[in-house]
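Engineer: below: sequence and its predicted model.
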Amino acid sequence: MSATHLKQLCEETYTKLKKVSMELERYLNQVTLSSLVSASGDPEEFESYYRTYLSDLRHLLVYCENAYDRLGVSLRRARFNEDFAEEVLYQVYHTCINYFYYPKGEVYEEDGRYAYTGQDCIIFRKQVTPELEQLTLSLSRVFEQMRDELQYYENDYIAKKRLEREKAQA
């Protein structure tokens, strides 16, 4: 991958992670567990679910902010360090994107069959508030774009590292 293309990919990913971080932070700063539970009805059924959901969102926010910061460092350097940028993009794919699609608490899941129909591919384990549903579906569109862009790159990065390892062993 050319340095120009790599830098452009870093800039696009940086912008998307900034958007995700801002949306997540805005939502987490305004919502409370008690407000979610009271909006959903049965406290016993929803309290644990929303507690897990909010925990997953906080973890995702931390991962995205860390990746966003590291991409910012990469882009601000006087001399663009390709190896560092590749490593950061690889970590974005394996932390942010994978954590979004496979949250620890399994509060939702992705149904890949919907990806080709233009429908939302996120299936919630329980009915959530409209605001939380809107946030999650909005984030899924951003993460889907990043995944499409970085999946191709991620395969290149792994092949490159494997080749470097083989050369070092020879």
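Structural biologist: Alright, I've got the coordinates. Numbering: from 1, shown residues only.
Engineer: where in the protein is pLDDT low?
Structural biologist: The model of the chain has pLDDT under 70 over residues 1, 112-119, 153-154, 170.
Engineer: helices of that one, start to end?
Structural biologist: When assigned using DSSP state H, the helices of the chain occupy the ranges 3-30, 33-40, 43-76, 82-91, 98-101, 130-169.
Engineer: count the neighbours of Leu163 for me.
Structural biologist: Using other CB atoms under 10 Å, the number of residues around Leu163 comes to 10. Where C-beta positions appear, they are placed from N, C-alpha and C, glycine not excepted.
Engineer: quick one, what contacts the closest residue to Phe100 other than its chain neighbours?
Structural biologist: In space, not counting the residues next to it along the chain, Phe100 is nearest to Phe143; the distance is 4.7 Å by CB to CB, 6 or more residues apart in numbering. Residues near Phe143 by CB atoms under 8 Å, 6 or more residues apart in numbering: 20, 96-97, 100-101.
Engineer: hang on, Cys10 packs against Ala85?
Structural biologist: Yes - judged on CB atoms under 8 Å, Cys10 makes contact with Ala85 at a distance of 5.1 Å.
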